[in-house]
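Peer 1: sequence first, predicted model second:
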Amino acid sequence: SLNLWNTILKAENNIKTITLVRKILDQDPVPPYPRNGWHYVGDSSNAIGIRNGLSLFRGLFNQTMHENENCQIPIPHIVPSFAFDIETNCGFPKYTKINNSVLSMHNCSKWPLFQVDNKPVILHWTKPVDVSSFEYINTFCDDGPEEVFVQNVPNFSVKKRAFNLRDKPIVNPMNVNLLLVDSLSRSQFIRAMKKTIQFLENLQKNSNSFRVFQFFRYTVVGLNSNPNLTPLFSGFSAKKMRIKHYKSDTWLWDYSKERGYVSLWLDTQCPNSMSDGYEWQLPVNLGGTGQIKTDHIFNSLYCHHSYALAGQYSTKPRCIGQRPVHQLTFDYLHSFYKNYKNYPKFSTTIFYEAHEPTMKLSSNLFDKDFAINLENFTDSLNLNTFTIIAADHGLHYGLYGYTRAGEVEHLLPLLLFIVPTSLLNQNPELESILEHNQQSMITTFDLYETIRNLISFPKRPQPISPWSMSLFSKIEYNRNCSQAGIPEKYCICSRNWEQPEFYDCEQKQLDQQYWN
């Protein structure tokens with residue numbers, strides 16, 4: 001009901017109220033959330049039986065967790081009737097073209113105007129203009145909507161430094177392409193991103209150049225982004241780094257630059273919108289500590305008024321200048337890879353399409369474009385690109401977050417590797433190790449060590465934390481939360497997960513009506 005929904009919205013930061021709301025939900029005869037379909041099964045055979053009901057579950061994503069006596073993790077049942085009907089069309093650029101970094105404008109009867117890199121001057125377009133030295137181009141035509149284009153501009157001093165520092169014995173170093181989708185659980189990925197799943201299934205089945213690995217027990221170490229991302233990029237907990245004022249020589253971008261890599265930070269949120277606790281992500285002039293020292297940082301686009309006003313957590317489609325934000329982001333990422341094609345690269349791209357309570361924006365257009373761009377990163381020009389698709393945590397707020405299934409999903413985010421077979425061929429044992437580790441308990445501490453290992457491969461640096469291990473080494477199944485650096489309150493193994501009862505056909509129909 002509407003009253004129940006409003007009660008939940010007001011409960012976001014009130015633990016006592018949340019407890020009360022959960023009791024209300026348990027007693028509500030017609031709950032406005034999908035009770036049916038989100039039950040848990042304790043063994044893999046039941047899980048496979050349930051999941052075979054989905055048309056896309058073949059091969060790769062028909063696998064599930066193995067039994068583990070040390071950690072019995074409940075497995076959410078995916079709802080086939082989950083509906084994604086949100087409109088995601090942002091429009092299309094109509095009067096602007098940029099070919100080979102030359103700007104052209106057509107069909108403007110009065111005032112064709114353009115602006116570059118957010119400079120306060122708007123220029124009158126009269127003839128084709130070379131925009132190769134600008135990363136962010138806005139165009140305006142008569143009373144029509146603004147159009148936006150982005151591109152990476154290479155830095156030749158960065159190329160020189162990378163060439164001089166390159167580790168010469170490594171003939172073909174791996175590019176590290178880290179794609180982070182904030183708040184995306186593995187279960188939500190399976191529900192919403194079916195085109196991406198289909199691409200990964202086909203890649204696993206038909207490609208001789210790449211292998212796909214998925215990690216079932218990838219687990220959070222904290223509630224939200226900061227406690228999970230800080231160890232991913234620094235190797236240390238957020239608490240420890242805060243005590244050290246985030247001063248450290250272990251940040252991944254520093255580690256990669258010292259080994260001849262070119263680095264990129266592409267976070268699709270405006271720095272001005274970040275809250276306390278994210279000091280290391282903020283530049284000094286915005287009250288942060290300025291720890292992100294990549295060769296390229298591109299974020300001016302994401303302070304655009306049409307995006308900043310709605311916010312990166314908006315339930316509406318995120319559009320800037322007739323383009324979805326994620327499309328513009330991929331444009332920049334691909335131009336970065338093109339500009340530094342002969343140099344090893346470490347790129348981090350963060351998307352927020354799953355960070356909203358309707359759980360719908362991660363489907364449709366985002367899913368389609370994500371699959372298309374993954375295909376670009378697995379073509380013949382990227383045979384040495386190791387792609388990591390990861391989330392920091394599952395959704396932790398909104399209506400679904402207060403259900404039992406939502407609690408489980410928050411603790412089990414998505415983690416996938418797309419691994420070049422050229423890397424596997426260099427180390428015959430690596431493939432079997434990664435297959436084994438798909439069922440091991442791992443965290444962002446381990447992902448940090450894996451990226452360090454990948455950047456210095458075949459060398460293996462010593463882990464900097466007692467609870468971090470590279471996924472290029474075998475991680476035993478009996479590893480527990482304490483050994484993995486997972487606080488007790490976020491340890492999924494220590495929860496007393498009660499198995500809910502299944503509901504009758506009438507209740508199933510009510511639930512399906514809500515989602516359809």
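Peer 2: Right, received. Where do you want to start?
Peer 1: contact partners for residue 211?
Peer 2: 204, 418, 419, 421, 424, 431, 434 (Cβ atoms under 8 Å, 6 or more residues apart in numbering). Heads up, the C-betas are built off the backbone N, CA and C, glycines and all.
Peer 1: make sure the second one is indeed in a strand.
Peer 2: Yes. Counting by DSSP: H, G, I helix; E, B strand; the rest coil, residue 418 is part of a strand.
Peer 1: residues in contact with the lengthiest helix in the chain?
Peer 2: If you go by DSSP state H, the chain has its longest helix at helix 325-339. Residues from elsewhere that reach helix 325-339 (Cβ under 8 Å, 6+ apart): 135, 148-154, 175, 177, 264, 266, 268, 296, 298, 301-302, 307, 318-321, 345, 347, 349, 351, 353, 366, 369-370, 373, 376-377, 382, 385.
Peer 1: swap in 7 Å and give it another go.
Peer 2: Residues outside helix 325-339 that contact it (Cβ atoms under 7 Å, 6 or more residues apart in numbering) are 148, 150-152, 154, 264, 266, 268, 296, 298, 301, 307, 318-320, 345, 347, 349, 351, 353, 366, 369, 373, 376.
Peer 1: equivalent analysis for stretch 94-105, please.
Peer 2: Contact with stretch 94-105 is made by 106-108, 112, 114, 125, 128-132, 137, 139, 141, 144, 147, 149, as judged by Cβ under 7 Å, 6+ apart.
Peer 1: how many neighbours does the closest residue in space to residue 246 that isn't next to it in sequence have?
Peer 2: Closest residue in space to residue 246, ignoring its immediate chain neighbours: residue 280 at 4.2 Å, by Cβ to Cβ, 6 or more residues apart in numbering. Residues lying near residue 280 (other Cβ atoms under 10 Å) number 23.
Peer 1: check contacts around residue 280.
Peer 2: 230, 241, 246, 288, 289, 291.
Peer 1: among those, which lie within helices?
Peer 2: Among those, the residues falling in helices (DSSP H) are 230, 241.
Peer 1: just the closest of the contacts of residue 280 to residue 260, please.
Peer 2: The shortest gap between residue 260 and any of the contacts of residue 280 belongs to residue 291, at 21.1 Å (Cβ to Cβ).
Peer 1: quick one, what contacts the closest one?
Peer 2: Taking Cβ under 7 Å, 6+ apart, one finds 246, 251, 280 in contact with residue 291.
Peer 1: change it to 6 Å
Peer 2: 246, 280 (Cβ atoms under 6 Å, 6 or more residues apart in numbering).
Peer 1: and residue 99, backbone torsions?
Peer 2: phi -120, psi 130 (degrees, to the nearest 10).
Peer 1: measure it to residue 305 for me?
Peer 2: 28 Å (Cβ to Cβ, to the nearest Å).
Peer 1: tell me the most packed of the contacts of residue 280, by neighbour count.
Peer 2: Ranking the contacts of residue 280 using other Cβ under 10 Å puts residue 230 first, with 27 neighbours.
Peer 1: thought that residue was touching residue 241?
Peer 2: Yes. Using Cβ atoms under 6 Å, residue 230 is in contact with residue 241, at 5.4 Å.
Peer 1: re the thing from before, of the contacts of helix 325-339, which belong to strands?
Peer 2: Secondary structure from DSSP state E places 148, 150, 264, 266, 296, 319, 320, 345, 347, 349, 351 of the contacts of helix 325-339 in strands.
Peer 1: is the fourth one bridged to anything, and to what?
Peer 2: When bridges are called by DSSP bridges, residue 266 pairs up with residue 349.
Peer 1: tell me the confidence at it?
Peer 2: You'll see residue 266 listed with a pLDDT of 95.
Peer 1: ok, now how distant is it from residue 208?
Peer 2: Applying Cβ to Cβ, the value for residue 266 to residue 208 is 30 Å.
Peer 1: higher neighbour count, the two?
Peer 2: residue 266 (25 against 6).
Peer 1: against residue 424, how distant is that one?
Peer 2: Applying Cβ to Cβ to residue 266 and residue 424 gives a distance of 28 Å.
Peer 1: what does residue 263 give?
Peer 2: 25 Å.
Peer 1: what does residue 371 give?
Peer 2: Residue 371 is 23 Å from residue 424, by Cβ to Cβ.
Peer 1: where does the stretch 351-500 of the chain have low pLDDT?
Peer 2: By pLDDT under 70, the weakly predicted segments of the stretch 351-500 of the chain are 494-500.
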